[in-house]
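A.B. asks: for reference, the sequence and a predicted model appear below.
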Amino acid sequence: MKFIVSSSYLLKQLQVLGSVINSNNTLPILDNFLFELNNTLLTVSASDLETTMSSTIDIDSTSTGSVAVPAKLLLEILKTFPEQPLTFTVEENSTIEISSNSGKYALAYAPGDEFPKSVQLEDPSVTLVPAGVLATAVSKTIFAAGNDDLRPVMSGVFFQFSPEGLIFVATDAHKLVKYARTDVTASQVADFIMPKKPLTILKNILSTSDAEIKIEYNDSNATFSFDNYVLMCRLIDGKYPNYEAVIPKENPNKLLIDRQQLLSSVKRVAIFSNKTTHQIRLKIAGTELNISAEDIDYSNKAEERLTCDYQGDDMQIGFNSRFLTEMLTNLQSDEIMLEMSLPNRAGILTPIDGLEDGETVTMLVMPVMLNN
């Protein structure tokens, strides 16, 4: 088994696949890349059993076979090469030899058939989504997903597909983000919960791609195919909470304000808030928004006044400044609307501008109880 490949091209592909590999694997074989050679096609795969990703590369070869090569060692050596063709030759003595312009390097390999086989989806549903739409949907929602192992369904992003459009939701019970598109649709109704890790990998690659992504899914697995990559992952098992029920429908108090101005203000004032609650207070009266925080233990306090466009009753409401900062940072619009009903009901943040046709973003943040 022998093949020739460009060093920088191989490195680029392997760095993407390398993000699948865990730092401490229960099975030693998972510390390897699987190289499967079929004449001029080389398929390289990486897996952590939950997520498997493969990339298909056109190369110069006439042989077939499969070997598992140590991932860390291979990435380290490839990073040091300038652009040049590398020749990989599988030797009899269980080593694979790499020949470059300047030298030869031998690594031990494992037989390819020891590597776990990826699952084939039986009769899956298929939806096509443009890369840009999926990348935006993931980056807008993933930050709001939870990290609680006791509630695994909330540790992923909920995908809801229908002929009316696509909806992506993430929540950790303190904050919730719903990202919807009506300009991209699916042929039938389906929903599933995607884990964070494969979504983070996808987000990083998709931001530079302009391909159409083919999403295939059944009850337990989903596959994303685009360009020369295929990413397959096991879905999170369970029923997603009814998120529509927690979004308050009647919100008579509406605050319209410059996003960047509010973000800077919240960041500054939050420095003086209690280090465990991160609580800041918003007091709105007329056209004035007063943002304050106090840490009684250390006698630290801060207060800022902003002018805003407000319709509704005068009110005071408390929020966790970290959640508010995350949401305001994640939005791209110049102006945002904060809608509220009562100090103990969730506030809803929506961007006023900067959205594409058919795109809506709704962010919900739970209030914290103010101790007067």
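C.D. replies: All right, it came through fine.
A.B. asks: going along the chain, name the helices of the stretch 251-372 of the chain.
C.D. replies: 259-270, 321-330 (DSSP state H, counting those that start in this stretch).
A.B. asks: closest one to residue 6 among those helices?
C.D. replies: helix 321-330 (37.5 Å; C-beta to C-beta). Glycine gets a C-beta too; all of them are placed from N, C-alpha and C.
A.B. asks: can you give the distance from that closest one to the centre of its chain?
C.D. replies: 17 Å (C-alpha atoms, centre = their mean, to the nearest Å).
A.B. asks: mean neighbour count added to the helices of the stretch 251-372 of the chain, as JSON lines?
C.D. replies: As requested, these are arranged in JSON lines below (neighbours: other C-beta atoms under 10 Å):
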{"stretch": "helix 259-270", "mean neighbour count": "18"}
{"stretch": "helix 321-330", "mean neighbour count": "19"}
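A.B. asks: could I get those helices as TSV with mean pLDDT?
C.D. replies: Putting these into TSV (pLDDT from 0 to 100) gives the following:
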stretch	mean pLDDT
helix 259-270	98
helix 321-330	97
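A.B. asks: which among the ones you listed is found nearest to residue 26?
C.D. replies: helix 321-330 (33.2 Å).
A.B. asks: for stretch 118-133, buried residues please.
C.D. replies: 118, 121, 124-125, 127, 129-131, 133 (16 or more other C-beta atoms under 10 Å).
A.B. asks: quick one: closest of the helices of the stretch 251-372 of the chain to residue 249.
C.D. replies: That would be helix 321-330 among those, by C-beta to C-beta, at 19.9 Å.
A.B. asks: circling back to that earlier point, closest to residue 12 out of the helices of the stretch 251-372 of the chain?
C.D. replies: Nearest of these (C-beta to C-beta): helix 321-330, 28.4 Å.
A.B. asks: before we move on, back to that, dump the helices of the stretch 251-372 of the chain to a markdown table, plus distance to residue 205.
C.D. replies: Putting the helices of the stretch 251-372 of the chain into a markdown table (distance: least, C-beta to C-beta, whole Å) gives the following:
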| stretch | distance to residue 205 |
| --- | --- |
| helix 259-270 | 28 |
| helix 321-330 | 20 |
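A.B. asks: which one of the buried residues of stretch 118-133 sits closest to residue 366?
C.D. replies: residue 133 (28.3 Å).
A.B. asks: hmm, back to that, any idea which of the helices of the stretch 251-372 of the chain gets closest to residue 198?
C.D. replies: helix 321-330 (20.1 Å).
A.B. asks: got any ranges where this protein has weak pLDDT?
C.D. replies: For the chain, residues meeting the criterion pLDDT under 70 lie at 372.
A.B. asks: and if we set it to 80?
C.D. replies: For the chain, the stretches flagged by pLDDT under 80 are 208, 371-372.
A.B. asks: buried residues in stretch 297-316, which are they?
C.D. replies: 302, 304, 306, 308, 310, 315.
A.B. asks: span of that stretch from start to end?
C.D. replies: Length of stretch 297-316, first residue to last, C-alpha to C-alpha, to the nearest Å: 22 Å.
A.B. asks: which outside residues touch that stretch?
C.D. replies: 252-257, 261-262, 265, 268-269, 271-272, 274, 281-295, 340, 342-343, 370 (C-beta atoms under 8 Å, 6 or more residues apart in numbering).
A.B. asks: switch to 7 Å and redo it
C.D. replies: 252-257, 261-262, 265, 268-269, 272, 281, 283-294, 340, 343, 370 (C-beta atoms under 7 Å, 6 or more residues apart in numbering).
A.B. asks: among these, name the ones in strands.
C.D. replies: 253-257, 281, 283-285, 288-294, 340 (DSSP state E).
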